[in-house]
Each structure stands twice: as structure tokens, then as C-alpha cells.
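1. Following is a predicted model, sequence given first.
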Amino acid sequence: MRKAFYIGVILGGVLGIAVALSMDIVLSEALGGGWREAVANDLNRLFQTEFSENHFIVIMGTIIVIGIIGAFGAFIGGIFSVMIARLFRMLTKEH
């Protein structure tokens with residue numbers, strides 16, 4: 001069960017980060033901006049500042065946001081892989 005959980009955590013984290021980055025690359029023009037622009041806009045509104053998209057704090061905020069998305073994907077991947085492992089263990093159990 002631990003092996004399935006760890007595999008799910010790794011795959012879920014990688015897929016979460018991959019989806020977040022692909023959304024930034026593919027949909028940034030269609031949605032009017034990517035993660036950096038969104039983080040810069042939120043920080044500027046929250047703290048009444050004028051950070052550009054290339055400011056150090058904005059880049060760190062973007063890394064934190066993508067990290068949170070990856071962590072959530074890892075959590076969901078771990079739970080899902082344990083559920084699938086239990087299902088297959090129940091299906092292959094002989095009575």
C-alpha cells in the first residue's frame with residue numbers, strides 16, 4: 001500500500017505541475033495573461049504596489065502558487081492510487 005501511495009504522490013505532483021505550466025504556456029494569450037501576470041495583479045491590488053511581472057517577489061509568488069497546485073495534485077494522486085490498489089487487491093483476492 002505504501003508503494004502505491006508513493007507512486008501516486010509522485011505522479012500526481014508531476015501531473016499537477018505539468019498541467020499548471022501547460023495552462024500558462026498554452027492559454028496565457030487566450031485568457032489575457034499567465035500565472036505571473038495574475039500574481040502581479042493580485043499583489044498589486046492587495047498591497048497597493050506596482051510590481052512588474054518580472055519582479056522577484058512576483059516570480060517567487062508564482063513558484064509558490066505552482067507548488068501549491070503540485071502539492072494538491074500529489075495529495076489527490078496518493079489517495080487515488082491507494083484506492084485503485086485496494087480495488088485491484090480485492091478483485092484478485094481468492095476466496
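-> Good, I have the coordinates. Numbering: from 1, shown residues only.

2. Excluding covalently adjacent residues, which one is nearest to the residue nearest the centre of the chain?
-> Nearest to the geometric centre of the chain sits I69, at 2.4 Å (Cα atoms, centre = their mean). Once flanking residues are discounted, I69 sits nearest to A20: 4.5 Å by Cβ to Cβ, 6 or more residues apart in numbering. For every residue, glycine as well, the C-beta is placed using N, CA and C.

3. how close does the one you found get to M90?
-> Relative to M90, A20 is positioned 34 Å away (Cβ to Cβ, to the nearest Å).

4. With neighbour numbers in mind, choose between those two.
-> The neighbour comparison of A20 against M90 (other Cβ atoms under 10 Å) goes to A20, with 18 against 8.

5. Okay, and the more buried one sits in which element?
-> Secondary structure from DSSP states H and E places A20 in helix 2-31.

6. Report all helices and strands that that helix contacts.
-> With contacts taken as 3 or more Cβ pairs under 8 Å, 6 or more residues apart in numbering; DSSP states H and E, helix 2-31 sits against helix 35-47, helix 56-92.

7. Now do it and helix 35-47, the angle between them.
-> Going by axes from the mean of the first three to the mean of the last three Cα atoms, to 10 degrees, helix 2-31 is angled at 80 degrees with respect to helix 35-47.

8. tell me which residues in helix 2-31 are buried?
-> Using 16 or more other Cβ atoms under 10 Å as the test for burial, helix 2-31 gives 4-5, 8-9, 11-13, 16-17, 20, 24.

9. how far out from the middle of the chain is it?
-> Relative to its chain's centre, helix 2-31 lies at 5 Å (Cα atoms, centre = their mean, to the nearest Å).

10. That one to helix 56-92, inter-axis angle?
-> Going by the same axes, to 10 degrees, helix 2-31 makes 130 degrees with helix 56-92.

11. about what we covered before: can you read off the pLDDT for the residue nearest to I69?
-> With respect to pLDDT, A20 has a value of 93.

12. That one and W35 touch, don't they?
-> Yes. Using Cβ atoms under 8 Å, A20 is in contact with W35, at 7.3 Å.

13. got any residues that touch both of those two?
-> Among the neighbours of A20, those also in contact with W35 (Cβ atoms under 8 Å, 6 or more residues apart in numbering) are 65-66.
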